[in-house]
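*Asks:* Next comes the sequence, and after it the predicted model I'd like to discuss.
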Amino acid sequence: MVYYFKARPEAGDYTIFMGLDNYENEELIKYGFPEDVWFHVDKMPSAHVFLRLHKGQTFDDIPEGVLEDCAQLVKANSIAGNEVNNIDVVYTPWHNLKKTISIDVGQVGLHNSKMVRTVKVEKRINEIVNRLNRTKVERKPDLKAEREAVNEVESTERKNQLREKGDAA
């Protein structure tokens, strides 16, 4: 089960999502998209929250309000993090997540710690969490099939671009 949320409407059309448990998180980690950004409470157990950016955006382009939505959702879905104030939420592009055989299910390492940003969350803002929860939709997606479909479209686009370059020459 994956939970999908809509970020604040004035920020644009952004989807935020998280897995039900460690096994769902493992699938989200495995079949992520290059446009995905991963969020987690720093040094505490919490949900793995993902934000799907628009093509061409980087994690430095995340609108402030969307960043706040993601950070609040992570805090609200961390037992320890939800009980204390002034926590740090870390975020990084999906491709910076590292899985090895020695890492437990649902946990990740990082390829490059310099690609991690931190946002301070002083306290839980119920107005934000409640707004996000009103948009929550539960689905059982076939993450592997979604990823393969995107790979196929991107491969076809690359082939067409190469063919067009060859025709123009």
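*Replies:* That came through fine. Quantities reported herein were computed from a predicted structural model and do not represent experimental measurements. Residues are numbered from 1 along each chain as shown.
*Asks:* which stretches of the chain have low pLDDT?
*Replies:* The model of the chain has pLDDT under 70 over residues 105-106, 168-169.
*Asks:* Which strands and helices lie in contact with the longest helix seen in it?
*Replies:* The residue-count maximum for a helix in the chain (DSSP state H) belongs to helix 143-168. Secondary structure elements in contact with helix 143-168, counted by 3 or more CB pairs under 8 Å, 6 or more residues apart in numbering; DSSP states H and E, are helix 22-30. (C-beta placed from N, C-alpha, C; glycine too.)
*Asks:* The helix it packs on: how far from the chain's middle?
*Replies:* For helix 22-30, the separation from the chain centroid amounts to 11 Å (computed by CA atoms, centre = their mean, to the nearest Å).
*Asks:* Check which helices and strands that helix is in contact with.
*Replies:* Secondary-structure packing of helix 22-30 (3+ CB pairs under 8 Å, 6+ apart): strand 15-19, helix 143-168.
*Asks:* out of those, which comes closest to Pro34?
*Replies:* With respect to Pro34, and counting by CB to CB, the nearest of the helices and strands packed on helix 22-30 is helix 143-168 at 9.2 Å.
*Asks:* tell me the phi and psi of His111?
*Replies:* Main-chain torsions, His111, degrees, to the nearest 10: phi -70, psi -40.
*Asks:* Could you pull up the contacting residues of it?
*Replies:* His95, Asn96, Leu97, Lys98 (CB atoms under 8 Å, 6 or more residues apart in numbering).
*Asks:* so where does the residue positioned nearest the centre of the chain fall, helix or strand?
*Replies:* For the chain, the residue nearest the mean C-alpha position is Phe50 (1.6 Å; CA atoms, centre = their mean). For Phe50, the host element (DSSP states H and E) is strand 49-52.
*Asks:* follow-up on the earlier one: partners of the residue nearest to the centre of the chain in the sheet?
*Replies:* Beta-bridge partners of Phe50, counted by DSSP bridges, are Phe17, Trp38.
*Asks:* Quick check: it touching His40?
*Replies:* No: under the criterion of CB atoms under 8 Å, Phe50 makes no contact with His40, lying 10.1 Å away.
*Asks:* So for these two, which residues contact both of them?
*Replies:* Shared contacts of Phe50 and His40, defined by CB under 8 Å, 6+ apart, are absent.
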